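> Predicted coordinates and the sequence they were generated for:
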Amino acid sequence: MAAIEDVLSRLRRYPDVEALNLYAVDAADRLILDVADEALASTDSGKIAIVGDAYGALTIGAVTAHDLRGVRVHQDLLTGELALANNARALGLTDRYTAYPLGRELLADVRVVLLRLPRALAGLAEVADAIARYADPEVVVVAGGRDKYLTKSMNDVLAQSFSEVRASRGRQKSRTLLVSGPKPVGDPPFPVRDRLDDLDLDVVAHGAAFSGARLDIGTRFLLEHLKWMKPDAREAIDLGCGTGILAVKLAKARPALKVLGTDQSAAAVASARATVAVNGVADRVTVVRDDAMSSAADNSADLVLCNPPFHVGAAVHTGSAIKMFAETGRVLRPGGELWTVFNSHLNYRGVIERMVGRTEVVGRNRKFTVTRSVRGLHDAQQR
């Protein structure tokens, strides 16, 4: 175990936000690996899947402890996928695992699944259904997380797809659930589709997509300002697009505009692409999986819309939003506009002004603030 701990201590979160209070490995990762140790030791490498591995601790820990090959891995967030790839490269383990989308290829005939429990119950429901649908009938799932994020509802969600769900003893404020006995499955429950009559559009959502098929209240407030957003824009970006509501509304309101939706969540990207398709704007809206639009070219957009997160994984931290603002300053053309909605207590205005350009508050209600930022020529020359 000492050798494994040495390996785990070398893991990094990069390219996700790194800070003194943010960790690449935690007690829940270690507990999952310990509880699953016997099952991993007695299972063929090619029949092991790992889902929701934050930065590679589960994959690299399992591979190192049992000399595994052919491990199948699914991570919803691109930053986690890239962090695992970086960590595996540094340790010479890149040939030990393969990344897959959530589905049959990931889970067919799998006998052991290590699962980091997602906070979104819908996301957990979609994962549980996929395991029950595709894995070996004798599959054992070791699911875990930090106590403060675990709820009784997670047991109930897992019990919809499995006949046995039992909790392990806790350790260091972490706990695992041992799950087995897949139940018969019906039609896939995801993605879901809903009609938003007041917006005249349909929304399609996979389980892990933020806010599901609903319209979150921050996005609704930002949409109230749509008609004032840079009228002469030719290319726009919906940064952190979620299910694609902003991108679709913008495209429908302005038929001459080309819109790019970006999100680091695989579930969000799949949802947004489906939302774009059912609303008939696929000829003008493209959706890509990207980390804070880092693949977009410098000076390539006239308008960016953003409803940034204030969490990095489970931790309340503004690092992800700051990274998004920094990338916006790079991607906007001189004279381009960033329209942002955020919880008013976060007071992002000063940060946005430093990273993008002159920023004014254009709307405020009891919970949210909407700002408009303009990238000036001087701002562009400084970058």
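On my side now, so go ahead.
> Return the distance of whichever strand or helix holds residue 271 from the chain's centre.
According to DSSP states H and E, residue 271 maps onto helix 266-278. When distances are taken as Cα atoms, centre = their mean, to the nearest Å, helix 266-278 is centred 13 Å away from the chain's centroid.
> Please state the mean pLDDT value computed over that helix.
Averaging pLDDT along helix 266-278 gives 98.
> Residues touching it, excluding its own?
Contacts of helix 266-278 from elsewhere in the structure, counted by Cβ atoms under 8 Å, 6 or more residues apart in numbering, are 75-78, 101-102, 123, 126, 191, 193, 201-210, 241-245, 247-248, 251, 261, 263, 282, 285, 287-289. In short, each C-beta sits where N, CA and C put it, glycine included.
> please redo it, this time with the cut-off set to 7 Å
Identification of contacts with helix 266-278 by Cβ atoms under 7 Å, 6 or more residues apart in numbering yields 76, 101, 123, 191, 202-210, 241-244, 247-248, 261, 263, 282, 285, 287, 289.
> Buried ones from those residues, can you make that a ChimeraX selection?
Per 16 or more other Cβ atoms under 10 Å, the buried members of the contacts of helix 266-278 correspond to this ChimeraX selection:
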select :76,123,191,202,203,204,205,206,207,208,209,210,241,242,243,244,247,248,261,263,285,287,289
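> Of the contacts of helix 266-278, which belong to strands?
Secondary structure from DSSP state E places 202-205, 261, 263, 285, 287, 289 of the contacts of helix 266-278 in strands.
> on that earlier part again, for the helix holding residue 271, which positions count as buried?
Within helix 266-278, the residues scored as buried using 16+ other Cβ under 10 Å are 266-278.
> nearest to residue 345, of those residues?
residue 268 (24.9 Å; Cβ to Cβ).
> where's that closest one relative to residue 146, distance?
23 Å (Cβ to Cβ, to the nearest Å).
> check contacts around the residue most central in space within the chain.
The C-alpha lying nearest the average C-alpha coordinate of the chain belongs to residue 265 (Cα atoms, centre = their mean; 3.4 Å). Taking Cβ under 7 Å, 6+ apart as the criterion, residue 265 is in contact with 76-77, 208-209.
> Now the helix or strand containing residue 59: average pLDDT?
According to DSSP H and E, residue 59 maps onto helix 57-66. Looking at helix 57-66 alone, the average pLDDT works out to 97.
> any idea which helix or strand comes after it?
Past helix 57-66, heading to the C-terminal end, the next element that is a helix or strand (DSSP H and E) is strand 71-74.
> Show me what that following strand packs onto, helices and strands only.
If you count contacts as 3 or more Cβ pairs under 7 Å, 6 or more residues apart in numbering; DSSP states H and E, strand 71-74 packs onto strand 48-51, helix 57-66, strand 97-99.
> quick check, nearest of the ones in strands among the contacts of helix 266-278 to residue 20?
Among those, residue 263 lies closest to residue 20 (Cβ to Cβ), at 27.6 Å.
> Show the contacting residues for the residue lying closest to that closest one once chain neighbours are set aside.
Counting by Cβ to Cβ, 6 or more residues apart in numbering, residue 241 is the residue found nearest to residue 263 once chain neighbours are left out, at 4.9 Å. Contact analysis of residue 241 by Cβ under 7 Å, 6+ apart lists 247, 261-263, 268, 272, 287.
> hey, what's the residue lying closest to residue 98 once chain neighbours are set aside bridged with?
In space, residue 98 comes closest to residue 72 once its chain neighbours are excluded; the distance is 6.0 Å by Cβ to Cβ, 6+ apart. According to DSSP bridges, residue 49, residue 98 are recorded as the beta-bridge partners of residue 72.
> For residue 72, give its distance to residue 341.
Here residue 72 is placed at a distance of 38 Å from residue 341 (Cβ to Cβ).
> So between those two, which is more surrounded?
Set side by side, residue 72 and residue 341 give different neighbour counts by other Cβ atoms under 10 Å, the larger being at residue 341 (27 against 22).
> isn't that one right up against residue 220?
No - the pair residue 341 and residue 220 does not pass the contact test of Cβ atoms under 7 Å, sitting 9.1 Å apart.
> backbone phi and psi for residue 52, please?
phi 80, psi 20 (degrees, to the nearest 10).
> what's the pLDDT at it?
pLDDT, residue 52: 98.
> can you pull the contacts of it?
Under the contact definition (Cβ under 7 Å, 6+ apart), the residues listed for residue 52 are 75, 115-116, 118.
> And the helices in the stretch 51-200 of the chain?
When secondary structure is read from DSSP state H, counting those that start in this stretch, the stretch 51-200 of the chain shows helices at 57-66, 78-91, 104-107, 121-134, 152-161.
> Relative to residue 353, which of these is closest?
Closest approach to residue 353 among the helices of the stretch 51-200 of the chain is made by helix 78-91 (25.9 Å; Cβ to Cβ).
> helices or strands next to that closest one in the packing?
Contact partners of helix 78-91 among helices and strands, from 3+ Cβ pairs under 7 Å, 6+ apart: helix 57-66.
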